[in-house]
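# Sequence and computational prediction follow.
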Amino acid sequence: MSDFAAYPLQTSSPASSNGTNFPPPLLGTSLRKERGAIAAQACDTCRARKQKCDEQRPKCGTCQRFNVECHYREPQPTKKDKTLVEILDKLKVLDVLNVLENKIDRLTWRMDHLSATCHPNNTNSMKANHLAPTPPLTISTGHSMGINGVHPAVAHHRSPEGLSNGGPDALPGSASLTEDHYQYVSAAYQMLAWPALQGHLATIQSKCPTRNLKSVAIEGPAIALGAQPPMDQTIPINLQNGDNYNLGPVSAPISAFGLDWDIMQALSKAYFDTISLLHPILDRHTFLTQTLPTLFKNGVDHRLQSIIAFLVFALGEVALGTYRGAPINSHGGRPSGMRGGSKSHPPGIALFNEARKRLGFSLAETSLEMVQAYTLASTYCATCSYPMGFWKMIREASLACQALIMINPGVLSSPQADLLRRAFWHCAVMETCLNLELGFPLTGLEKMVNVVSLPDFSTSFTDYDYVSNQETQYQEHFASQIALRRLLVEFHGTLSRSPYNTTAPSTSSTPNLIRHMVTDLERWRSYLPSSLQWQEDTPGAFPSSATAYSGPSIYSPLTTSTATTTTNSTPAVSPMLPTLQAGTTFMSSVSPGVSGVSMPRSGIIPQAVANVTTSGLRSPPVSHQQPILNSGLGLQQHHQPVPQPQMFTADLDAPPTRYPYAHDVQVALLRSRYYYAKYLIHRPFLYKALHHPDAMTQDDALGAAECLKASLKWPIAMSPTCLHKRFVPCPFFFTQNFFGILVLLHLVMSNKVPILTKIKDTLCGGERFEIEAKKTVELYVGWIRDLRDVEPSAVWDWDVVSAMYGLEGNG
């Protein structure tokens with residue numbers, strides 16, 4: 001093994017004069033423009049008359065005028081078409097060979113597994129079964145359209161069995177690159193099936209007797225979704241006090257559900273000021289000016305308008321609970337990052353159940369509202385840690401989106417087009433996460449990525465939208481997430497050895513392929529708006545265009561004197577209501593003790609709203625100048641905060657800085673997904689270091705070092721974002737990645753693998769890396785510890801992590 005020199009991997013590429021980067025042309029190719037398609041032939045009648053044919057189908061104009069049969073000859077295939085047919089025929093033969101090879105592999109694996117099961121005392125068999133690596137996956141050729149014509153992320157779905165066969169084919173998204181000792185896997189549980197990591201897990205098996213650590217390769221998706229018995233994934237339908245939930249009538253006035261005009265607007269504003277900026281699928285102006293007045297006047301019914309409203313109200317209560325609710329638990333004196341409600345009664349559950357019971361009336365409807373309803377429902381399931389519910393709802397949203405586009409293609413050029421594009425790309429990003437981390441089959445949405453353009457936010461724009469976008473650039477964040485998702489799909493296809501990728505020549509070596517990917521990933525980061533850019537080696541830094549948040553401090557707790565302060569701001573009012581007088585607190589109707597306005601006690605009182613008043617705090621008014629959730633626990637103070645050197649910190653005991661409009665969540669999410677992409681594409685180097693250390697080269701060592709460094713201190717796990725875990729989209733995606741990284745860092749820090757120790761000491765910074773790794777362990781352990789209180793999958797992960805790191809009780 002050669003010595004490792006510390007020089008960086010290539011991260012830049014030539015740029016054109018206008019600032020646009022283009023990949024270098026391949027050798028032997030030219031830039032000559034390809035000739036366009038040849039026009040179709042004329043029909044037989046026009047050919048016989050030797051006149052021009054207008055080529056209309058099924059009858060041309062001439063045949064219609066003479067009322068004769070119109071017949072077109074089948075066009076002869078061009079040389080290019082014949083070549084394509086030959087290629088497809090060869091691919092079919094390869095598919096047949098792959099299927100036969102996979103059947104043999106599965107049969108061999110099942111016979112070995114059956115022998116080990118029937119003869120558990122056969123130590124030789126068990127030893128061989130333990131030491132033998134998992135049979136490699138052969139990636140079959142798929143024909144599902146995607147970014148470059150075919151979506152490489154679905155190439156691994158080769159057989160009807162999918163994930164259910166329980167054999168080696170249960171490892172989707174993996175490729176064995178045996179010619180140069182690399183192996184790519186996309187999911188954390190696949191990585192944990194590597195023989196070296198299985199051997200490391202075996203050393204702690206005795207400390208974790210309740211978990212079978214060898215089963216992670218087969219049961220990984222079930223573990224990640226918390227679907228293993230006796231874990232319960234049922235969304236509760238009972239109230240917090242244990243009484244049975246009264247479903248009540250489908251059609252009723254809003255007062256029957258404990259709602260009035262003020263509460264509806266407060267919950268709506270809470271949703272649009274936070275969660276909607278992360279998932280901008282609704283039009284705020286339309287909802288506030290049309291949906292709310294209609295519900296206030298006519299009440300709710302079974303239609304989608306009422307369903308969407310209930311989902312918005314439920315998510316608004318989640319937002320209020322996240323900012324103002326009490327932590328659901330405390331670990332070692334440190335409050336949990338899960339706030340509001342409890343596992344059995346999450347915030348907004350009663351309102352969500354009202355939407356859920358009405359959803360069945362619209363199952364067969366094909367409309368934008370149907371897509372939005374499923375998307376909102378999936379978002380709620382994610383905020384309350386119901387992974388199975390999230391997967392099912394986002395799948396239904398994707399299918400509803402496809403049905404709408406297929407049945408009514410004109411919707412892409414209608415006034416609803418931009419909202420549909422937002423929902424489409426949101427579903428695409430979520431599907432990619434599920435596919436990469438769990439290998440779940442794609443719904444077919446990826447076949448339309450070349451048809452559906454990027455959103456341009458051309459719908460009605462309110463003052464609220466303008467202010468929130470100026471404060472957070474949420475539109476740029478959303479577009480950047482879409483672009484990063486496209487890169488991830490291309491990287492996954494390339495590393496999976498899909499024959500349908502164009503990122504690099506298929507004959508390139510793995511280091512060269514990854515070097516191309518690193519260049520593309522850095523180009524994506526360099527193209528970000530200046531307000532989104534950051535220094536890569538400081539994941540917690542403020543964006544490059546800012547040094548610290550300089551907005552007003554509106555997060556201070558209320559004192560006795562400020563708790564009775566009123567405001568002169570006048571809230572938005574309904575045209576059916578008299579104007580509220582100055583000094584009226586917007587959410588005053590929640591509690592008679594605050595304003596003297598009575599509330600119906602028989603209905604559903606939003607939990608987070610009630611908590612604010614019962615705790616003696618007064619809610620800030622709805623104002624056009626500031627978001628309702630900026631306040632955290634109080635009203636605005638007249639002083640500037642102390643400038644913070646970092647936007648995110650690994651010190652979980654430091655007082656958190658809160659940012660308006662969940663801005664920290666948006667920034668942390670974008671950066672964490674960048675580090676995830678970098679960590680993922682460098683992981684084949686780590687496999688080689690663990691299993692073929694004697695074959696390591698200098699490039700391999702640098703790649704393994706980049707993988708280790710990219711796994712450290714993802715901002716999504718740092719403060720203050722980790723205190724708002726309900727806002728994080730698809731949180732179990734990060735839970736599983738953090739679990740895999742914790743196992744990996746434990747192996748690295750144990751210094752049991754000489755090659756990793758040398759890479760850590762010479763290429764990762766040595767002592768500095770160890771310090772950062774310890775901080776990372778604390779962050780990721782804290783994440784899993786918080787999520788185990790509500791997320792079933794985190795319970796399994798916590799049992800293993802606590803045994804591995806010697807944590808007891810609450811840690």
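That came in fine, so what should we check first? Numbers count the residues shown, from 1 in each chain.
# what's the neighbour count on Ala48?
The local packing of Ala48 (other Cβ atoms under 10 Å) involves 9 other residues. To be clear about C-beta, it is placed using only N, CA and C from the backbone, and glycine gets the same treatment.
# which SS state does it fall under?
helix (DSSP: H, G, I helix; E, B strand; the rest coil).
# Same check on the one 10 residues further on?
Applying three-state DSSP to Pro58 yields a three-state assignment of coil.
# Show the model's pLDDT score for it.
Here, the pLDDT recorded for Pro58 equals 82.
# Please apply the same query to Asn148.
The model's pLDDT for Asn148 equals 33.
# Same question for the one 3 residues further on.
The predicted local confidence for His151 comes out at a pLDDT of 32.
# Then the one 4 residues further on?
The predicted local distance difference test score for Ala155 is 35.
# same thing with the one 4 residues further on?
You'll see Ser159 listed with a pLDDT of 31.
# was I right about Gln205 contacting Val216?
No. Gln205 is beyond contact range of Val216, at 11.6 Å (criterion: Cβ atoms under 8 Å).
# And those two? Which one has more around it.
Per other Cβ under 10 Å, whichever of Gln205 and Val216 has more neighbours is Val216, with 25 against 14.
# Enumerate every residue touching that one.
Going by Cβ atoms under 8 Å, 6 or more residues apart in numbering, Val216 touches Tyr189, Leu192, Ala193, Leu201, Ile223.
# Run through the chain and note the low-pLDDT ranges.
1-40, 74-180, 224-248, 497-508, 545-644, 808-811 (pLDDT under 70).
# which stretches of it form strands?
In the chain, the strands defined using DSSP state E lie at 175-177, 182-184, 330-331, 334-335.
# Mind putting those into a markdown table with distance to Ser468?
Formatted as a markdown table, the strands of the chain follow (distance: least, Cβ to Cβ, whole Å):
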| stretch | distance to Ser468 |
| --- | --- |
| strand 175-177 | 42 |
| strand 182-184 | 39 |
| strand 330-331 | 32 |
| strand 334-335 | 28 |
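# So which of those is nearest Met430?
strand 182-184 (22.4 Å; Cβ to Cβ).
# Could you spell out the sheet neighbours of the closest one, each with its direction?
Here strand 182-184 has these sheet partners by DSSP bridges: strand 175-177 (antiparallel).
# circling back: most packed of the strands of the chain?
Mean neighbours per residue, mean count of other Cβ atoms under 10 Å, is largest over the strands of the chain for strand 182-184, with a mean of 26.
# Next, count neighbours for Thr721.
27.
# From what I see, it and Asp664 are in contact.
Yes. Taking contacts as Cβ under 8 Å, Thr721 lies within contact range of Asp664: 5.0 Å.
# Which neighbours do those two have in common?
Shared contacts of Thr721 and Asp664, counting by Cβ under 8 Å, 6+ apart, come down to Phe648.
# List the contacts of the spatially closest residue to Val777 that is not a sequence neighbour.
Closest residue to Val777 apart from its sequence neighbours, by Cβ to Cβ, 6 or more residues apart in numbering: Leu745 at 6.0 Å. Contact analysis of Leu745 by Cβ under 8 Å, 6+ apart lists Ser711, Ala773, Thr776, Val777.
# how close does the first one get to Glu770?
In this view, Ser711 and Glu770 are 14 Å apart by Cβ to Cβ, to the nearest Å.
# follow-up on the earlier one: just flag the most distant two among the contacts of Val216.
Taking Cβ to Cβ, no two of the contacts of Val216 sit farther apart than Leu201 and Ile223, at 13.2 Å.
# Surely Cys401 is in contact with Trp425?
No. Here Cys401 does not reach Trp425: they are 9.9 Å apart, not a contact under Cβ under 8 Å.
# Those two: which has the busier surroundings?
The residue with more neighbours, out of Cys401 and Trp425, is Cys401; 29 against 23, by other Cβ under 10 Å.
# if I look at the more buried one, how far off is Leu442?
Distance, Cys401 to Leu442, using Cβ to Cβ: 13 Å.
# Ok, Gly321 next?
Per Cβ to Cβ, Gly321 is found 33 Å from Leu442.
# Pro195 too?
30 Å.
# likewise Ser362?
Distance from Ser362 to Leu442, by Cβ to Cβ: 24 Å.
# what do you get for Gly199?
For Gly199, the distance to Leu442 - Cβ to Cβ - is 34 Å.
# just Gln646 next, same as before
Using Cβ to Cβ, Gln646 is found at 38 Å from Leu442.
# So for stretch 539-546, what gets flagged as buried?
Pro539, Gly540, Ala541, Phe542, Pro543 (16 or more other Cβ atoms under 10 Å).
# what's the closest non-adjacent residue to the fourth one?
Spatial nearest neighbour of Phe542, chain neighbours left out: Met647 (4.7 Å); criterion: Cβ to Cβ, 6+ apart.
# I'd say the one you found and Pro539 touch.
No. Met647 lies out of contact with Pro539 (Cβ under 8 Å); the separation is 9.5 Å.
# any residues in contact with both of these two?
Both Met647 and Pro539 are in contact with Pro715, where contact means Cβ under 8 Å, 6+ apart.
# what ranges do the helices span in the stretch 201-350 of the chain?
Remark: helices assigned in the stretch 201-350 of the chain by DSSP state H, counting those that start in this stretch are 216-225, 261-272, 275-278, 284-286, 292-298, 304-324, 349-359.
# Looking at those, which is nearest to His71?
Nearest to His71 among the helices of the stretch 201-350 of the chain is helix 304-324 (48.2 Å), distances taken as Cβ to Cβ.
# which strands and helices sit next to the closest one?
Counting contacts by 3 or more Cβ pairs under 8 Å, 6 or more residues apart in numbering; DSSP states H and E, helix 304-324 is packed against helix 261-272, helix 275-278, helix 292-298, helix 349-359, helix 368-383, helix 607-614.
# any chance of these in JSON lines, with distance to Ser336 and mean neighbour count too?
Formatted as JSON lines, the helices and strands packed on helix 304-324 follow (distance: least, Cβ to Cβ, whole Å; neighbours: other Cβ atoms under 10 Å):
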{"stretch": "helix 261-272", "distance to Ser336": "21", "mean neighbour count": "25"}
{"stretch": "helix 275-278", "distance to Ser336": "20", "mean neighbour count": "25"}
{"stretch": "helix 292-298", "distance to Ser336": "33", "mean neighbour count": "17"}
{"stretch": "helix 349-359", "distance to Ser336": "18", "mean neighbour count": "23"}
{"stretch": "helix 368-383", "distance to Ser336": "15", "mean neighbour count": "26"}
{"stretch": "helix 607-614", "distance to Ser336": "16", "mean neighbour count": "20"}
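# Tell me which of those helices lies nearest to Gly806.
helix 368-383 (31.8 Å).
# now for the closest one, which elements pack on it?
If you count contacts as 3+ Cβ pairs under 8 Å, 6+ apart, helix 368-383 packs onto helix 304-324, helix 349-359, helix 387-407, helix 417-438.
# Tell me which residues of the third one come out buried.
By neighbour count with 16+ other Cβ under 10 Å, helix 387-407 contains the buried residues 387-391, 393-402, 404-405.
# residues in contact with stretch 751-758?
Met1, Phe4, Ala196, His200, Ala689, Leu690, Pro693, Met696, Ala701, Ala704, Leu747, Val748.
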